[in-house]
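S.K.: Give me the fold of what follows.
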Amino acid sequence: MIKLLDPADEVFDFKEIFSGELKSIFKPAGYLQSVLELEHRPEQEKMARRVGEALAAEEPLLFEAGTGVGKSLAYLLPSIIFSKLSKKKGVIATNTISLQEQLIGKDIPMIRDLFDKVDSLKKYQDFRCALLVGRGNYLCTNRLSRALRGQGDLFEHRQRDELERIAQWASDGPEEGIRQEISPGPSSVVWDQVNADSSLCSPKNCQPDTCFYRRARSRVDQADLVILNHSLLFSLIGAGIVPSEDDSGVLFPDDFVIFDEAHEIPDVASDHLGISVSSWAMESFFKKLYNAKKGKGVLKRIGRTTDFEAIEQAEVATEDFFNHLHLEVLGERDRLRLREPNRLPIELFPPFGRALRSLIELADRADDEPTRLELKDQIKRGQTYLSAISEFIEVKDKSCVYWLERGGSRNQLIYLRSAPLSVASILAEELFAKPTSVIMTSATLTRKGSASTFSKQIGAEDVPQCLVSSPFDFENNLSISILSDFPEPMRGDRTIYLKCLVEAIFSLSSAQSGGTLVLFTNYADLHHCYEQLRPRWSKTHRSLFAQGKEFSRSELAKKMMEEGDVLLLGAESFWKGFDAKGQCLSQVILTRLPFENPSHPLLEAKSDVLEAQNKSAFREITLPSAVIKFRQGIGRLIRSQTDCGELVILDSRILNKNYGSEFLGELPKKSYQTLSLLDLSDEYHDS
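M.R.: Numbering: from 1, shown residues only. From the prediction side, this is the model:
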């Protein structure tokens, strides 16, 4: 049991104090209700109490809290009070920026207001909260000054203008000093020369009063609560930047971690615990060192002819390597799993090695520390690339999957990627084996009321589970319609399917006075419908938007909320984390059940393992994943107690296939109506 001493050296029972504080806040007529005038939610009270128990016992917990429970306050308040009482640092990890903005811009100020107004809670009002993003997002003013002095060696004319724009922004006193605060966003080439992801940005060279990253690190070191995203957390774990084995924490020597949006963890952890090397990254690496055509680069003033030749030869060899992957290995395919070692060319290794030796010699000869540190950074980066390519060619780790794929806006970039077949054992060791609380929460962790599938994926099979349902009145506020005769999306000639899709979307959305969000599982169908709908939709004098066209996701969300009656066609990221309350989102149309592409190398490899065990990959992986995403999509519609809306499912497989019951069982209400395509024409289009 944790015991605390007060200034008078009296011994208090920690759990009793902690439990009492939470009870006074969350109980009926408690401080949330009586002071902040928030409605009492029994589900929120239960969650806060259970989170508090897990923190006090230093135990892990999986907690599903349905939409509208108010889970952010249910874990933030226990976390802050526990951190202040125990002196343990709290880490809150989210998957989306929008949730981070909600925590920092809305929930944290609300909690400060509560502590300020309640005398018995004033002792917690000085809690410190800090946001941490990847260091490459922060501006380092030391590197900025150096870049400004050497801009003639590093940048072209247009890039020098961009550098001056960044310098002006920095002089205006940005709040955090991160690239996301610059609009429009800075050029990657220029930002790479001034960000804090460099040995030049070190405690020796940079101080918190002048360097944004050092200032952020100082705030983090002093904070009771640190907010960051899943990607950064797993990147740090993957890079081994974690406490020593003697410490009890996950990211800090003595901490506890709460993951919100935890349903994303298996995918995010997989993405950041493997290899990712792109042709663009390596091209940029060489161009930064020395661009022979433009006479620019780090080596311009200190390099010898032999050094320039070594860099150029390595660049040509690397370009040949990726061209071979593009033309000979991938060919017409966009993605290919690499199953056997030594199937890719190795000719890039000798020239790449010579280039690294040249950099090492130059670093040893450099007479000023900034140049030496810059070169050492580039040497480390080059060695990382070379090691990753070597591992990839050797298909070195049998517990990982390796593949090639195309990417980028024009599909011209080549990526080498790998991911662990399973992250369960890694997360079990890095998270749940630690003697501290690791709490995971989301609105969608369970299937059939159990989080067993999720817990197995993350190595938490023995972790306690708890579930509270949404308090929203779905019976009265939500209507559900399913098209019983809609053509199957992948059967034969898709012309009929696509024609029906366009007609259904137009009929359904034009009959709505509010906004409609149409969720697609691929961009090809989305863009086809967008082009077909545009001429007809213009006659409604309402806006039509499509993800991947003119506007960013955040801009699309803003337009939907501002205009109130738009038709928005969205793909992957709109299935989750999109929050629009009121009439601006009155209808959600699910075009298809969200099954993953079974040909993805990672899913293919997992399927191979299951087949060897005489298990069904569809039942074990594909179906559970689709059900969770289905629940996420449905959750976009009803976001408050007063929200009303219509959910329409166009995929008739939910009624006609034996697995359809898995999806029907997850609907927030049991009653639904079935419609036919003829009903749409009569009931909607003619109206």
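S.K.: Name the residue closest to the centre of the chain, please.
M.R.: N95 (4.1 Å; C-alpha atoms, centre = their mean).
S.K.: For K380, see how far away the nearest residue to I275 once chain neighbours are set aside is.
M.R.: Counting by C-beta to C-beta, 6 or more residues apart in numbering, I275 lies nearest to S418, which is 4.1 Å off, once chain neighbours are set aside. Where you see a C-beta, it was placed from the backbone N, CA and C, and this is true even at glycine. Distance from S418 to K380, counting by C-beta to C-beta, to the nearest Å: 20 Å.
S.K.: Okay, and the residue nearest to I275 sits in which element?
M.R.: strand 413-420 (DSSP states H and E).
S.K.: Just the C-alphas of that strand, formatted as CSV.
M.R.: The C-alpha coordinates for strand 413-420 follow below in CSV (Å, rounded to 0.1, in the frame of the first residue of the first chain):
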residue,chain,number,x,y,z
LEU,A,413,7.9,6.4,-54.3
ILE,A,414,9.2,3.0,-53.2
TYR,A,415,9.1,1.9,-49.6
LEU,A,416,10.8,-1.0,-47.8
ARG,A,417,8.6,-2.0,-44.9
SER,A,418,8.6,-4.6,-42.2
ALA,A,419,6.4,-5.2,-39.2
PRO,A,420,6.3,-7.8,-36.4
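S.K.: Give me the sheet partners of that strand and which way each runs.
M.R.: If you go by DSSP bridges, strand 413-420 pairs up with strand 276-278 (antiparallel), strand 400-407 (antiparallel).
S.K.: Which positions in the longest one come out as buried?
M.R.: With burial defined by 16 or more other C-beta atoms under 10 Å, the residues of strand 400-407 counted as buried are 400-407.
S.K.: Report the two of these separated the most.
M.R.: By the measure C-beta to C-beta, C400 and R406 form the most distant pair in those, at 20.6 Å.
S.K.: Tell me where the stretch 101-250 of the chain has helices.
M.R.: 108-117, 141-149, 151-154, 157-171, 188-194, 212-222, 230-238 (DSSP state H, counting those that start in this stretch).
S.K.: Now the weakest link among those helices, please, by mean pLDDT.
M.R.: Of all the helices of the stretch 101-250 of the chain, the minimum mean pLDDT falls on helix 151-154 (a mean of 72).
S.K.: quick one: G274 from S399, how far?
M.R.: Counting by C-beta to C-beta, the gap between G274 and S399 amounts to 11 Å.
S.K.: again with K46
M.R.: From K46 to S399 the distance is 39 Å (C-beta to C-beta).
S.K.: More neighbours: these two, which one.
M.R.: K46 (18 against 9; other C-beta atoms under 10 Å).
S.K.: dump the residue contacts of the more buried one.
M.R.: 466, 468 (C-beta atoms under 8 Å, 6 or more residues apart in numbering).
S.K.: where's it, which helix or strand?
M.R.: helix 42-57.
S.K.: which outside residues touch the helix or strand just after that helix?
M.R.: Beyond helix 42-57 on the C-terminal side, the first helix or strand identified by DSSP H and E is strand 61-65. Outside strand 61-65, the residues that touch it by C-beta under 8 Å, 6+ apart are 43-44, 47, 50-51, 54, 71, 74, 262, 437-446, 451, 454-455, 460, 463-468.
S.K.: Quick check: the residue nearest to I275 vs Q159, distance?
M.R.: Distance from S418 to Q159, by C-beta to C-beta: 33 Å.
S.K.: circling back: mind giving me TSV with the helices of the stretch 101-250 of the chain and columns for distance to L623?
M.R.: Formatted as TSV, the helices of the stretch 101-250 of the chain follow (distance: least, C-beta to C-beta, whole Å):
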stretch	distance to L623
helix 108-117	39
helix 141-149	49
helix 151-154	52
helix 157-171	48
helix 188-194	39
helix 212-222	41
helix 230-238	24
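S.K.: All good on my end, thank you.
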